[in-house]
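In: from the sequence below, what's the structure:
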Amino acid sequence: MTGPGPSGASGGSRMRAVRATLVAVGVLGLALGAAVLLLKQTPVQIVGVGVWMLGAILLHDAVLSPIVVGVGILARKRGRRVPFALLAIVQAGIVVGAVLALLVLPEIYAKTLGTANPTVLPLDYSLNLALTWAAVALLTALACGAYLALARRRAAAR
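Out: Residues are numbered from 1 along each chain as shown. Here you go, the predicted structure:
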């Protein structure tokens, strides 16, 4: 051996230092966010943020995760084995669509309540979300097609 590699002593200590730095930056970011929230928002707004965060967690755990896992299970139960990369592409498309929905649903709801100023929520957010989902589905299908074409080309070259 010429020196410690990635699993050697210096590689391990370097990784620990990087992890510690990332954890410290994350904790500082959370602390800053909490301080700004407490100093700049009213208690009612803080409760609203808490409710939104709880709703996001519930939607993730009760809706998004089961769908992604279900797609994986259904794909694996097919007669042929589905390549992991293909499954990952489809699951990534589902996750992107769901996250976009979580970001846009508050605007859709706020638009149903109405505003005193019509320029606050000027867009048709439902239509935009539907078009975005269509674009994500199309890009996911194209990525799956590109992966399958590449896999066939590699198999033919062997």
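
In: what about stretch 136-145, distance to the chain center?
Out: Its chain's C-alpha centre and that of stretch 136-145 lie 17 Å apart, by C-alpha atoms, centre = their mean, to the nearest Å.

In: quick one: contacts of that stretch?
Out: 86, 89-90, 92-93, 96-97, 100 (C-beta atoms under 8 Å, 6 or more residues apart in numbering). Backbone N, C-alpha and C define where each C-beta goes, glycine included.

In: which secondary structure elements does the worst-scoring helix or strand of the chain on mean pLDDT contact?
Out: Lowest mean confidence among the helices and strands of the chain (mean pLDDT, DSSP states H and E): helix 65-77, at a mean of 83. Judged by 3 or more C-beta pairs under 8 Å, 6 or more residues apart in numbering; DSSP states H and E, the packing partners of helix 65-77 are helix 84-113.

In: now do the helix it packs on against helix 65-77, angle only.
Out: 150 degrees (axes from the mean of the first three to the mean of the last three C-alpha atoms, to 10 degrees).

In: helix 84-113: which residues count as buried?
Out: 87, 89-91, 93-98, 100-102, 104, 111 (16 or more other C-beta atoms under 10 Å).

In: residues contacting residue 96?
Out: residue 136.

In: that one and residue 82: what is the separation?
Out: Going from residue 96 to residue 82 by C-beta to C-beta, to the nearest Å gives 19 Å.

In: with residue 34 instead?
Out: Remark: distance between residue 34 and residue 82 (C-beta to C-beta) = 43 Å.

In: higher neighbour count, these two?
Out: Between residue 34 and residue 82, counting by other C-beta atoms under 10 Å, residue 82 is the more crowded of the two (14 against 11).

In: rewinding a little: include pLDDT and distance to residue 11 when you put the contacts of stretch 136-145 into CSV, please.
Out: Shown next, in CSV, are the contacts of stretch 136-145 (pLDDT from 0 to 100; distance: C-beta to C-beta, whole Å):
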residue, pLDDT, distance to residue 11
86, 89, 33
89, 93, 32
90, 90, 35
92, 92, 30
93, 94, 35
96, 93, 34
97, 92, 38
100, 91, 38
